[in-house]
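Student: need a 3D model of the following:
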Amino acid sequence: MTPSLNNETLIDLNDDLAEAGEISSQTVSVRVANRRDVASHQSVSRDGLIRFVVGPDGFVVPDLKETLPGRGLWLKADADSLALAIKKNLFSRAAKRAVKTPEGLDTLVPALIRRRLLEQLGLARREGNLVTGFEKVATALKLGKTAPHAAGRAAWLIEASDGAEDGRSKLLNLSNGQTPSVGLCGLFSNDELSLALGLENVIHAALIEGRRAAAFSREAERLCGFEALFPAQWRERPFNSN
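Tutor: Numbering: from 1, shown residues only. Got it, this is the predicted structure:
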């Protein structure tokens, strides 16, 4: 009798094929949605995991794009899991070989995710899926109040971390209580947003609902395991209902 292939078996089989170079890591990602977390040993949706591979020099390398060749070592995207993997050398155990951990990996990983978030915003702007400026952002947010999932509806409100409170508060008021909810990102300064978008003085931006917003959401979810997406006080003040 031919043994059945459960999800755990498929994970092992596809990782072995990727390591041997017979299929790409992208193909593996399509075939199996789950991966085994090297810290918990649980099968987890890869959306909440970070892929690592072992480089030619024997150092573990974060592969956020999930395109590097080799056997994937998947770890839950949070600071505690990464600290545990480094402390107990879990990458070596999972790889079944000696693996070196680069110094500063715990700060490198969230920095790389932040960079990918900025890249997603730049791509969205070039695709026409991001608007900037108070009035345009307000219009995109108002669509969500009157017509959820309307074309042009804001999925994310992007606010410069050093922007003025007055304009930000008005836009937060518009975003509050929408269904589906509007994400809030206040990670980046005016200068960082302006550079990433190729524009001047970017304070307010809205990422429009769609494929690019979904990609941004995945990166934001991974970063949440390492740091907050915006200062807590931005949501602490009461909202004006008018």
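
Student: CA only for contacts and neighbour counts going forward, please
Tutor: Will do.

Student: can I take it that Val60 is in a helix?
Tutor: No. With DSSP: H, G, I helix; E, B strand; the rest coil as the criterion, Val60 is assigned strand and is not in a helix.

Student: OK, contacts around Glu219?
Tutor: Contacts for Glu219 (Cα atoms under 8 Å, 6 or more residues apart in numbering) come out as 113, 116-117.

Student: do the same with Lys65
Tutor: Lys65 neighbours (Cα under 8 Å, 6+ apart): none.

Student: for Thr179, which non-adjacent residue is closest in space?
Tutor: The shortest distance from Thr179 to any residue other than its chain neighbours is 6.7 Å, reached at Pro148 (Cα to Cα, 6 or more residues apart in numbering).

Student: now do the SS call for that neighbour.
Tutor: coil.

Student: and Gln178, how far is that from Pro56?
Tutor: 48 Å (Cα to Cα, to the nearest Å).

Student: list the buried residues for stretch 94-109?
Tutor: 94-95, 99-101, 105-106, 109 (16 or more other Cα atoms under 10 Å).

Student: give me the residues contacting that stretch.
Tutor: By Cα under 8 Å, 6+ apart, stretch 94-109 touches 38, 54, 58-60, 62, 71, 73, 79, 82-83, 86, 91-92.

Student: one more time with 7 Å, if that's ok
Tutor: 38, 58-60, 62, 73, 82-83, 86, 91-92 (Cα atoms under 7 Å, 6 or more residues apart in numbering).
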